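Enquirer: only the shape, not the letters, is given here:
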């Protein structure tokens, strides 16, 4: 490259291959050069995205020489990445995997369609190898997620573009779009291969970083290629539920697990799967509340909820995660602190909110009456002890319960908000019951955050019922 071979400006296509080659030369490790500064990677990724260095997108007037130079630079980029993937040094391998994920996001569609099968096989090998470091496997999960998101995007575009092929007169475009069925079949096959090693990581590894990456990958597959999960539905449910209910996860991790569980019925896409999952989750919530609220609530409230859980003539669903897990959870619940039990309930209620507010392929029958019964049951417990419970509960137990109740109440109000959002105008038959619950709770609610949330719930309810929003802004 000549020292004075200038280009037009920062938008000139001529800048892109030159800058890409500079990044390869100065910032990417190779067989001889070590990798000692992770901040270099952030700089590389930032420049790649800012200048679209991998897009191979250029105006029609671009000179063939520049097009070829850019293609050659991108070939060099990919060769360096593949070289890094083959190294035995975990840090260099991590760099290669991470940059392959960025490449999946940023490269042009033609380049992606030509190469994604090879890239998939490379990433799959890291997911399947327990010998690789946690750093490498976490990166492989993240980059595999990037690859599936891009496959879904390309497949979606091809599907909609395919509708015009019958009238399209451009032979090259017709030829490209006609590959949609093969892309769809290949991508579903790829997703199917990823599920078993991902579940193995979730079941066998003892690292929250790996659990996080594995759950994120499962969520990506459920969202992008839901039918690929069907054959593994029970295994996914069991693995996620086990992590969710066994304890030992951070709050953020628990929410991600609950989100994954809420997405799972999408892999079947029917009304029954959604309803069964909701009922399974509510059964667990009920069981955990029975332990946590023992001696703190009226028996009639508990009995009303239990009666609504399984209607007369109906059979209860299989337990969440399977019978073995259910037995373990039941045995553990009797020995678990009230704080942990209520934390589990809050997480599971978050999952219910996700199920209510996320899109679903078919219309579902929301058990509004049952959900409202749970909301009321939780909000009516304020930590006070009936006279008959005083000899059976220590002051420390009461302290533990009261410390967690505000969070549980907030989760209950969030569930109420989700019910209102999900049902919309169909909530009318239940409006009086909701008003009764809110009014009753507001009389005893003193914490500012909870009172603010009650106002918000009331506002949402009134707007849903047709009250004009403008007075609320003026008030």
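Expert: Cool, the structure landed. Computed from a predicted model, the values in this text were never measured in an experiment. Residues are numbered from 1 along each chain as shown.

Enquirer: now residue 66: closest residue in space, sequence neighbours ignored.
Expert: In this structure, residue 66 finds its nearest non-sequential neighbour in residue 13, 5.4 Å apart by CB to CB, 6 or more residues apart in numbering. (Each C-beta comes from the backbone N, C-alpha and C, glycine too.)

Enquirer: the one you found reaches residue 68, doesn't it?
Expert: No. Using CB atoms under 8 Å, residue 13 is not in contact with residue 68, being 11.7 Å away.

Enquirer: neighbour-wise, which of the two wins?
Expert: Using other CB atoms under 10 Å as the criterion, residue 13 and residue 68 rank with residue 13 on top: 19 against 11.

Enquirer: got phi/psi on that one?
Expert: Per-residue torsions, residue 13: phi -60, psi -30 (degrees, to the nearest 10).

Enquirer: what sits against it?
Expert: Residue 13 makes contacts with 58, 59, 62, 66, 70, as judged by CB atoms under 8 Å, 6 or more residues apart in numbering.

Enquirer: need the max-distance pair from the residues you listed.
Expert: 59 and 70 (12.5 Å; CB to CB).

Enquirer: higher neighbour count, the two?
Expert: Neighbour count, other CB under 10 Å: between residue 59 and residue 70, residue 70 has more, with 23 against 6.

Enquirer: per-residue confidence at that one?
Expert: Here the pLDDT value assigned to residue 70 is 91.

Enquirer: ok, and the helix or strand in the protein with the lowest average confidence?
Expert: None of the helices or strands of the chain scores lower by mean pLDDT, DSSP states H and E than helix 171-177, at a mean of 47.

Enquirer: in the very next helix or strand once past that helix, which residues are buried?
Expert: Next in sequence after helix 171-177, counting helices and strands by DSSP states H and E, comes helix 180-204. Residues 180, 183-184, 186-188, 190-192, 194-195, 197-199, 201-202 are the ones in helix 180-204 that count as buried (16 or more other CB atoms under 10 Å).

Enquirer: low pLDDT regions in the protein?
Expert: By pLDDT under 70, the weakly predicted segments of the chain are 1-9, 11, 34, 36, 156-181, 324, 330-336, 387-392, 468-475.

Enquirer: need the phi and psi values for the most centrally placed residue in it.
Expert: Nearest to the mean C-alpha position of the chain, by CA atoms, centre = their mean, lies residue 219 at 4.8 Å. Backbone torsions for residue 219, taken as degrees, to the nearest 10, come to phi -60, psi -40.

Enquirer: which residues touch the closest residue to it other than its chain neighbours?
Expert: Nearest non-adjacent residue to residue 219, counting by CB to CB, 6+ apart: residue 260, 5.2 Å away. Residues counted as contacts of residue 260 (CB under 8 Å, 6+ apart) are 215, 218, 219, 222, 236, 240.

Enquirer: nearest to residue 86, of these?
Expert: residue 218 (27.6 Å).

Enquirer: buried ones in the helix or strand encompassing that closest one?
Expert: Under the criterion of DSSP H and E, residue 218 resides in helix 208-224. Using 16+ other CB under 10 Å as the test for burial, helix 208-224 gives 210-222, 224.

Enquirer: list the contacts of that helix.
Expert: Contacts of helix 208-224 (CB under 8 Å, 6+ apart): 134, 137-138, 141-142, 144-145, 148-149, 151-152, 191, 194-195, 198-199, 201-202, 205, 228-229, 236, 240, 243, 249-250, 253, 256-257, 259-260, 263-264, 266-267.

Enquirer: quick one: it to helix 180-204, angle?
Expert: 150 degrees (axes from the mean of the first three to the mean of the last three CA atoms, to 10 degrees).

Enquirer: can you tell me the closest non-neighbouring residue to residue 273?
Expert: residue 265 (4.1 Å).

Enquirer: do you know how far the one you found is from residue 360?
Expert: From residue 265 across to residue 360, the span is 7 Å (CB to CB, to the nearest Å).

Enquirer: which one's more surrounded, the two?
Expert: Neighbours were counted for residue 265 and for residue 360 using other CB under 10 Å; residue 265 has more, 26 against 16.

Enquirer: just after the host helix or strand of residue 111, pick out the following helix or strand.
Expert: Here residue 111, judged by DSSP H and E, is contained in helix 109-128. Next in sequence after helix 109-128, counting helices and strands by DSSP H and E, comes helix 134-162.

Enquirer: what is the orientation angle of that following helix with helix 109-128?
Expert: Using the same axes, to 10 degrees: helix 134-162 against helix 109-128 is 140 degrees.

Enquirer: packing partners of helix 134-162?
Expert: Contacting helix 134-162 under the criterion 3 or more CB pairs under 8 Å, 6 or more residues apart in numbering; DSSP states H and E are the following elements: helix 90-106, helix 109-128, helix 171-177, helix 180-204, helix 208-224.

Enquirer: list the buried residues in the first one.
Expert: Looking back up the chat, that one is helix 90-106. Under the neighbour-count criterion of 16+ other CB under 10 Å, helix 90-106 has 91-106 buried.

Enquirer: from those residues, which single one is nearest residue 426?
Expert: Closest to residue 426, out of all of the buried residues of helix 90-106 and judged by CB to CB, is residue 105, at 39.9 Å.

Enquirer: setting the sequence-adjacent residues aside, check what's closest to the closest one.
Expert: Among residues not flanking residue 105 along the chain, residue 146 sits closest, at 5.4 Å (CB to CB, 6+ apart).

Enquirer: tally of neighbours for the closest residue in space to residue 115 that isn't next to it in sequence?
Expert: Spatial nearest neighbour of residue 115, excluding adjacent residues (CB to CB, 6+ apart): residue 78 at 7.3 Å. Counted by other CB under 10 Å, the residues lying close to residue 78 total 19.
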